[in-house]
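Enquirer: what would the 3D arrangement of this be:
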Amino acid sequence: MRSNARMRELLRATGVSGLSHHDIPPLFRDVAERGWSVTAAGGRMLTGLRQAWNR
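Expert: Numbers count the residues shown, from 1 in each chain. Okay, the predicted model is just below:
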């Protein structure tokens, strides 16, 4: 998975190894479960967020 430097630093500084799917709020899980889409420009984003992004 590609990520930018800021995201890598955030993950490095945050202990996420003990987290499970129960730690993620249901609304966020619902969005993630809808999968990924590719934009016309070739970017990848969560399908559940595309409609809000295009407004």
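Enquirer: what strand or helix carries the spatially closest residue to residue 50 that is not a sequence neighbour?
Expert: Excluding the flanking residues, the one nearest residue 50 by C-beta to C-beta, 6 or more residues apart in numbering is residue 37, at 5.5 Å. For glycine as for every other residue, the C-beta is placed from the backbone atoms N, C-alpha and C. Using DSSP states H and E, residue 37 sits in strand 36-38.
Enquirer: next one: residue 17
Expert: Applying DSSP H and E, one finds residue 17 in no helix or strand.
Enquirer: can I get the lowest-mean-pLDDT helix or strand in the chain in PDB, CA atoms only?
Expert: Using mean pLDDT, DSSP states H and E, helix 47-53 stands out as the lowest-scoring helix or strand of the chain, at a mean of 77. Written as PDB, here are the backbone C-alpha positions of helix 47-53 (Å, rounded to 0.1, in the frame of the first residue of the first chain):
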ATOM      1  CA  THR A  47     -16.300   4.300  -2.900                       C
ATOM      2  CA  GLY A  48     -18.600   5.400   0.000                       C
ATOM      3  CA  LEU A  49     -16.900   8.900   0.000                       C
ATOM      4  CA  ARG A  50     -16.900   9.500  -3.800                       C
ATOM      5  CA  GLN A  51     -20.400  11.100  -3.800                       C
ATOM      6  CA  ALA A  52     -19.500  13.600  -1.100                       C
ATOM      7  CA  TRP A  53     -16.200  14.400  -2.800                       C
END
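Enquirer: if we can go back for a sec, so what's the residue nearest to residue 50 scoring on pLDDT?
Expert: Note for residue 37: predicted pLDDT of 91.
Enquirer: now swap in residue 11 and tell me
Expert: Reported pLDDT for residue 11: 81.
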